[in-house]
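Peer 1: Let me see the structure of the following:
(one chain, ligands or ions: 1)
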Amino acid sequence: MHSSEQIVYLNGEFKEISQACVSVLDRGFLFGDGVYEVIPAYGGHLLRLESHLQRLQNSLDGIRLANPLSNPAWESMLNQLLAKNSGEDQSIYLQITRGVAVSRDHNFPHQVQSTVFAMCNRLTSMPRLEAEQGIEAVTLDDIRWRACNIKTTALLANTLLRQQATDKGAGEAILIRDGHATEGSASNVFVVLSGVIVTAPTGPLLLPGITRDLVLELADTHNIPCQQRDITEVELRSASEIWITSSTREILPVVKLDGEPVGTGRAGPLWQQMIDLYQQYKQQLRNGCA
Ligand code: PDD
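Peer 2: Sure, this is the predicted structure:
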């Protein structure tokens with residue numbers, strides 16, 4: 001059934017978005033005390049659901065919150081949500097917060113039900129020619145905490161950093177901590193150094209992106225040399241290609257960094273190869289065989 005209004009999921013019920021309300025005492029509202037996931041779906045097929053649910057479990061463990069649903073229950077709810085909304089390609093946003101306490105208190109409330117919310121939006125991939133134009137990026141000091149592997153809804157540092165990039169006319173901020181590039185404000189970062197694709201190793205300083213994993217896997221399957229190791233700021237500035245990856249932006253080439261051209265200043269050959277492989281993967285998923 002398709003409604004004219006967006007249908008969302010809130011605490012066990014599907015409802016029109018204008019009818020979905022959460023208390024002002026929700027800890028997600030008061031403290032940013034929650035975790036989230038963004039899962040793309042192509043032709044009604046969720047991309048790497050198992051990996052997203054595993055990362056969700058890791059985030060929940062990281063904030064000491066019980067998973068409110070079993071994996072089969074998540075799968076069933078998310079598929080129902082996709083079916084209730086229109087769009088060939090969609091992206092699901094889901095979040096779980098520590099629920100509504102009786103008063104504002106930093107301590108965890110006892111025996112409170114978490115708040116579970118999910119919505120889906122149309123996902124429009126950037127056309128190839130537009131993606132090929134690439135984006136500009138700026139480097140900024142990574143001012144975030146040391147638990148960036150938790151996908152928390154507390155994103156104030158990320159939003160401040162992204163806005164700073166936007167104010168400078170750039171499409172993403174590449175974050176630098178202790179002389180190393182960690183990730184983007186809402187993406188992972190890859191560089192090409194002497195023909196090798198390099199991305200920073202997972203750990204507390206960055207989010208283990210599902211797109212990042214897929215890119216590493218595609219590189220491995222197609223014998224494209226790749227490494228997971230620290231990237232120095234000097235290496236970042238001398239890379240022949242820089243890409244950012246995320247579920248919603250896929251793989252985008254960075255053609256200018258802090259106003260200087262990256263490599264030739266155009267999307268590079270390894271990006272061209274990788275985006276083809278990524279699009280092939282999406283097509284297989286649409287056909288139900290990925
Ligand atoms: N963010 N790093 C950060 C800080 C991110 O916010 C994201 C994605 C990624 C890439 O992860 P993935 O490939 O699993 O999307 C890396 C989502 C898209 C968001 O906040 O909207």
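
Peer 1: tell me which parts of the stretch 51-200 of the chain are close to the ligand?
Peer 2: Taking CB under 6 Å from any ligand atom as the criterion, the stretch 51-200 of the chain approaches the ligand at residues N158, E183, A186, S187, N188. Glycine gets a C-beta too; all of them are placed from N, C-alpha and C.

Peer 1: neighbours around the fourth one, how many?
Peer 2: By the criterion of other CB atoms under 10 Å, S187 has 28 neighbours.

Peer 1: again, but for the third one
Peer 2: Using other CB under 10 Å as the criterion, A186 is surrounded by 20 other residues.

Peer 1: Check the one 3 residues further on too.
Peer 2: Other residues lying near V189 total 26 when counted by other CB under 10 Å.

Peer 1: Show me what it is bridged to.
Peer 2: Taking DSSP bridges as the rule, V189 bridges to I244.

Peer 1: Contact partners for it?
Peer 2: Residues in contact with V189 (CB atoms under 8 Å, 6 or more residues apart in numbering) are I174, A181, T182, E183, T199, A200, I231, L236, I242, W243, I244, T245.

Peer 1: In contact with the last one: list those residues for me.
Peer 2: Spelled out, it's T245. T245 sits next to S187, N188, V189, F190, G209, T211, R212, V215, I251, L252 when contact means CB under 8 Å, 6+ apart.

Peer 1: now do the fifth one
Peer 2: Taking CB under 8 Å, 6+ apart, we find T199 in contact with N188, V189, F190, V191, R212, V215, L216, C226, Q227, Q228, I231.

Peer 1: rerun that using 10 Å as the cut-off
Peer 2: Counting by CB atoms under 10 Å, 6 or more residues apart in numbering, T199 makes contact with 181, 183, 188-191, 206, 209, 212, 215-216, 219, 226-229, 231, 243, 245.

Peer 1: Output the helix ranked longest in the chain as CSV - backbone C-alpha positions only.
Peer 2: As assigned by DSSP state H, the longest helix anywhere in the chain is helix 269-286. Coordinates of each C-alpha in helix 269-286 appear next as CSV, following Å, rounded to 0.1, in the frame of the first residue of the first chain:
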residue,chain,number,x,y,z
PRO,A,269,41.6,5.8,-13.4
LEU,A,270,41.3,3.7,-10.2
TRP,A,271,38.1,5.6,-9.3
GLN,A,272,36.7,4.9,-12.8
GLN,A,273,37.4,1.2,-12.3
MET,A,274,36.0,1.1,-8.8
ILE,A,275,32.8,3.0,-9.5
ASP,A,276,32.1,0.6,-12.4
LEU,A,277,32.6,-2.4,-10.1
TYR,A,278,30.3,-0.7,-7.5
GLN,A,279,27.6,0.0,-10.0
GLN,A,280,27.8,-3.7,-11.2
TYR,A,281,27.4,-4.8,-7.6
LYS,A,282,24.3,-2.6,-7.2
GLN,A,283,22.8,-4.0,-10.4
GLN,A,284,23.4,-7.6,-9.1
LEU,A,285,21.7,-6.6,-5.9
ARG,A,286,18.7,-5.1,-7.8
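
Peer 1: Right, I'll call it a day here.
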